[in-house]
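Enquirer: predicted model and sequence below, questions to follow.
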Amino acid sequence: MIPLSVLDLSPVTQGSDAGASLRNSADLARHAERLGYKRFWMAEHHSMPGIASAATAVALAFVGSQTSTIRIGAGGIMLPNHAPLIIAEQFGTLEALFPGRIDLGLGRAPGTDQAAAYAMRRNLASDADQFPRDVLELMGYFRGENGRVRAIPGEGMEIPVWILGSSLFGAQLAARLGLPYAFASHFAPQMMLEAVDVYRHRFEPSEQLDRPYVMLGFNAIVADTDAEAELLATSVQQAFVSLRTGNPIQLPRPRAGYAAELPLEARAILRSVLSASAIGSPETARRQVEEFVGRTRPDELMVTAQVYDHQARLRSFELLIDAVRQKETAAVS
């Protein structure tokens with residue numbers, strides 16, 4: 001079975017708060033661990049009323065304390081927002097607390113709008129070489145190669161570093177450094193196939209990795225029936241439309257008939273940004289996963305499910321992995 005992992009944005013639903021969202025994240029991580037998902041990653045976003053994982057390392061420390069075997073990590077840390085030394089120390093601390101379980105995915109987008117990016121970085125000057133330099137500096141702290149400045153904890157730890165991306169830039173960097181590559185196809189699938197092809201063809205082996213390794217983001221909302229899953233999916237549809245129109249919101253309640261109410265242009269945008277998705281009953285979702293995997297050939301899928309009701313979200317992840325396992329079992333027998 002292709003490895004399945006979980007990407008959690010710790011959604012803040014309408015009428016709830018960040019504390020409840022983070023507790024739900026820990027509950028989801030325990031659930032994913034029991035079900036056999038490989039990783040549980042959280043993403044850094046800022047100034048987003050519907051996302052509670054802004055302090056990603058802190059959130060991961062809580063999740064790590066509530067789990068025992070599943071790998072946990074960042075998908076990702078938006079490195080331009082931080083000094084590389086700080087991230088090396090934070091993830092060194094996580095590795096010290098939860099040895100052998102930590103991943104560090106790095107992205108070069110701010111994970112927010114310009115105003116919040118300025119509030120964090122103060123300097124928005126564009127430098128195409130800064131992100132690669134920061135990645136190398138960060139990896140140097142883990143190796144103890146940055147002279148008198150040392151990351152304690154962090155130095156000497158083998159923490160897998162991933163490059164995240166939604167364009168050719170990240171693919172080229174991951175290939176050049178010999179690092180695993182995670183593509184954000186769950187919300188920006190337009191350049192997915194080209195980026196993966198560039199990464200695989202240009203990959204140079206490294207101490208961390210001897211061959212290309214691709215993980216693709218994927219939306220999966222699974223319920224007992226197609227109609228139920230499609231209703232659950234209207235929450236993330238509403239959130240995407242609000243985000244694209246400059247008005248990020250808390251994750252709203254499902255809304256029957258929502259897509260049909262939208263202008264044709266908005267419907268086309270939704271079809272594009274959510275094209276890497278499985279939405280439906282277990283059998284429908286299994287076919288959609290099978291088609292996507294057959295077309296893209298990833299080494300791993302990173303599944304996200306923005307579902308308003310927490311119990312429905314837990315069940316979605318359970319139905320998905322059961323459906324994929326049943327297909328694999330049938331194929332073997």
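Expert: The structure has been received and is ready for your questions. Keep in mind that what you see is a predicted model, and the values were worked out from it rather than measured.

Enquirer: which residues of the protein fall in strands?
Expert: Using DSSP state E, the strands found in the chain span residues 4-8, 39-42, 71-78, 102-107, 161-165, 181-183, 214-222, 277-280, 300-304.

Enquirer: residue 275 - nearest residue in space that isn't next to it in sequence?
Expert: residue 189 (5.2 Å; Cβ to Cβ, 6 or more residues apart in numbering). In this view, the C-beta of every residue, glycine as well, is placed from N, C-alpha and C.

Enquirer: and the longest helix for this structure?
Expert: helix 310-332 (DSSP state H).

Enquirer: tell me the mean pLDDT over it?
Expert: Helix 310-332 shows a mean pLDDT of 87.

Enquirer: please apply the same query to stretch 223-239.
Expert: On average, stretch 223-239 scores 97.

Enquirer: can you list contacts of it?
Expert: Residues from elsewhere that reach stretch 223-239 (Cβ atoms under 8 Å, 6 or more residues apart in numbering): 50, 219, 221-222, 248-249, 251-256, 258-259, 270, 274, 277, 279-281, 284-285, 306-309, 312, 315-316, 319.

Enquirer: which residues are in contact with residue 267?
Expert: Each residue near residue 267 by Cβ under 8 Å, 6+ apart is listed here: residue 259.

Enquirer: distance of it from residue 220?
Expert: Separation of residue 267 from residue 220 (Cβ to Cβ, to the nearest Å): 21 Å.

Enquirer: and residue 308, how many neighbours?
Expert: Other residues near residue 308 come to 24 when the count uses other Cβ atoms under 10 Å.

Enquirer: same check, this time on residue 89
Expert: Residue 89: 19 surrounding residues under other Cβ under 10 Å.

Enquirer: ok, now the one 5 residues further on?
Expert: If you count neighbours by other Cβ under 10 Å, residue 94 ends up with 27.

Enquirer: how about it: what's its closest non-neighbour residue?
Expert: In space, residue 94 is closest to residue 102, 4.9 Å off (Cβ to Cβ, 6+ apart).

Enquirer: just residue 42 next, same as before
Expert: Nearest residue to residue 42, sequence neighbours excluded (Cβ to Cβ, 6+ apart): residue 53, at 4.4 Å.

Enquirer: ranking the strands of the chain by burial, who's on top?
Expert: strand 181-183 (a mean of 30; mean count of other Cβ atoms under 10 Å).

Enquirer: hmm, who's touching that one?
Expert: With contact meaning Cβ under 8 Å, 6+ apart, strand 181-183 is reached by 75-76, 105, 162-166, 170-171, 174-175, 192, 195-196, 199, 212-217, 302.

Enquirer: neighbouring strands - and their directions - for it?
Expert: If you go by DSSP bridges, strand 181-183 pairs up with strand 161-165 (parallel), strand 214-222 (parallel).

Enquirer: dump those to JSON lines, plus distance to residue 137.
Expert: JSON lines is the format used below for the strands paired with strand 181-183 (distance: least, Cβ to Cβ, whole Å):
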{"stretch": "strand 161-165", "distance to residue 137": "12"}
{"stretch": "strand 214-222", "distance to residue 137": "24"}
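
Enquirer: to residue 70, which of those lies closest?
Expert: strand 214-222 (15.2 Å; Cβ to Cβ).

Enquirer: now do the closest one against strand 4-8, angle only.
Expert: 70 degrees (axes from the mean of the first three to the mean of the last three Cα atoms, to 10 degrees).

Enquirer: quick check: domain ranges of the protein?
Expert: 1-159, 218-333 (automatic domain parsing).

Enquirer: dump these into TSV; add distance to residue 179 as well.
Expert: Putting the domains of the chain into TSV (distance: least, Cβ to Cβ, whole Å) gives the following:
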stretch	distance to residue 179
domain 1-159	8
domain 218-333	13
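
Enquirer: residue 208: which of the ones you listed is closest?
Expert: Using Cβ to Cβ, those put domain 1-159 closest to residue 208, at 8.3 Å.
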